[in-house]
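A.B. asks: Here is the input, now give the coordinates:
(one chain, ligands or ions: 2)
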Amino acid sequence: MPANLPPDYYAAEERYRQAKATDEKIRILEEMLSIMPKHKGTDHLLADLRAKISRLKKEETKKKPGARFNPYAVEKEDCPRLTLIGPPNSGKSSLFNALTSASSEVQDYPYTTVKPQPGICRFDNYRIQIVDLPPVMNDSMEGWMSDLVRTADGAGIVVDGSNIESLESTADLLTAVDRANLYLRGPEWKGEAPLGTIIKSTFLAVNKIDIADDEAVRFFQAEFSGLMPVCLISAKDNDSIRRIFKTIVDTLKVMRIYTKIPGKDPDMYEPYIVDRGVSVGQLAEDIHRDFADNFRFARLWGKNTFNARRVGRDHVLEDEDIIEIHC
Ligand SMILES: Nc1nc2c(ncn2[C@@H]2O[C@H](COP(=O)(O)OP(=O)(O)O)[C@@H](O)[C@H]2O)c(=O)[nH]1
Ligand SMILES: [Mg+2]
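C.D. replies: Ligands and ions are numbered 1, 2, ... in the order given. The predicted model follows:
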């Protein structure tokens, strides 16, 4: 059944697309909700609007300052999170700046970064929150820092490949990681984590490869390549940034799922960034309870399937699938 929406609705929808601030977006969506006629043909549109409003409202309440101010708190975003850790001066902030639109202070002396600095990395429609952290020193990590590494979805260790002295500071870093009961291993790691430790999917970036010290690079490759992916990069080189981005996506084991509303074109700009292997039912749950509770079936468009294929809750999604949920 066609939705037959009034012109006011489309005007509001256009304003929504232009809106930047979350409270403004909520206001416009609520306006769209009130304009929209309520009948069988608009059920999906209504559910989609309600889902968007509830997601944005959740974001808003998280932004309100809590009773106790925590200077090390990092705002949760609606996407996976990766932390960057490493010894002083290895180029964490330079890499962070190259990956995100945020900016973290870069200096040629150590200890420039003192607080966690979050930013969003956007490539190929992915959205990933990257958190730049202060250097780990004196073979221990402060509690707030190990908490951030532990609760993130993955980590990247950044070391300096231009300098043989960095082997020592990297050894300190690994001791600090052990003491924090973190077990950092690549996404393909099959072994068991020791009792009492938290395993975290991790890669190693050997940075400053433009001015590499061959001995240092060989050491890092020998020590780490059995444990996690090792990437030789320069934070100053675009090609390195693309490669490291791909490594980040593989470390987080995530993929992009686009959604569409029946009768409308899919939103090909803001996919849901979800764990590889999630099912249609799990995605529906992620979008909104209403979708999960009232789920009847879904239609799927994808690289490895025929168009508008009818699938059920248990169907496992693949990267860049487009899904239309029918309630
Ligand atoms: N040649 C070269 N210098 C780099 C590279 N990455 C970072 N640097 C320099 O290394 C110094 C420390 O970088 P910074 O990002 O502040 O390191 P952090 O302390 O780990 O955050 C700065 O002088 C950067 O310009 C790189 O890939 N190549
Ligand atoms: Mg820094």
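
A.B. asks: Report the separation between Leu283 and Lys208.
C.D. replies: 40 Å (Cβ to Cβ, to the nearest Å). For every residue, glycine as well, the C-beta is placed using N, CA and C.

A.B. asks: which of these two has more neighbours?
C.D. replies: The neighbour comparison of Leu283 against Lys208 (other Cβ atoms under 10 Å) goes to Lys208, with 25 against 22.

A.B. asks: So what's the residue count around the closest residue to that one other than its chain neighbours?
C.D. replies: Leaving out its chain neighbours, the residue that sits closest to Lys208 by Cβ to Cβ, 6 or more residues apart in numbering is Ser162, at 3.9 Å. Neighbourhood size, Ser162 [other Cβ under 10 Å]: 20.

A.B. asks: Next up, the contacts around Ser162.
C.D. replies: 207-209, 211-213, 216 (Cβ atoms under 8 Å, 6 or more residues apart in numbering).

A.B. asks: Can I get those in TSV including pLDDT?
C.D. replies: Listed next are the contacts of Ser162 as TSV, based on pLDDT from 0 to 100:
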residue	pLDDT
Asn207	98
Lys208	98
Ile209	97
Ile211	97
Ala212	97
Asp213	97
Ala216	97
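
A.B. asks: out of those residues, who's nearest ligand 2?
C.D. replies: Asn207 (11.8 Å; Cβ to the ion).

A.B. asks: what's the burial count for the nearest residue to that closest one once chain neighbours are set aside?
C.D. replies: Leaving out its chain neighbours, the residue that sits closest to Asn207 by Cβ to Cβ, 6+ apart is Gly91, at 4.1 Å. Gly91: 24 surrounding residues under other Cβ under 10 Å.

A.B. asks: Run through the residues that contact Gly91.
C.D. replies: Contacts of Gly91 by Cβ under 8 Å, 6+ apart are 158, 160, 207-208, 235.

A.B. asks: ok, back up a step: please identify which pair of the contacts of Ser162 lies farthest apart.
C.D. replies: The span of the contacts of Ser162, defined through Cβ to Cβ, is set by Asn207 and Asp213 at 11.9 Å.

A.B. asks: joint contacts of those two?
C.D. replies: 161-162.

A.B. asks: Look at these two and report which has more neighbours.
C.D. replies: Neighbour count, other Cβ under 10 Å: between Asn207 and Asp213, Asn207 has more, with 27 against 18.

A.B. asks: Quick one: mean pLDDT for stretch 299-318?
C.D. replies: Taken as a whole, stretch 299-318 has a mean pLDDT of 93.

A.B. asks: residues making contact with it?
C.D. replies: 255, 257, 266, 274, 277-281, 283-284, 295, 297-298, 320-324, 326.
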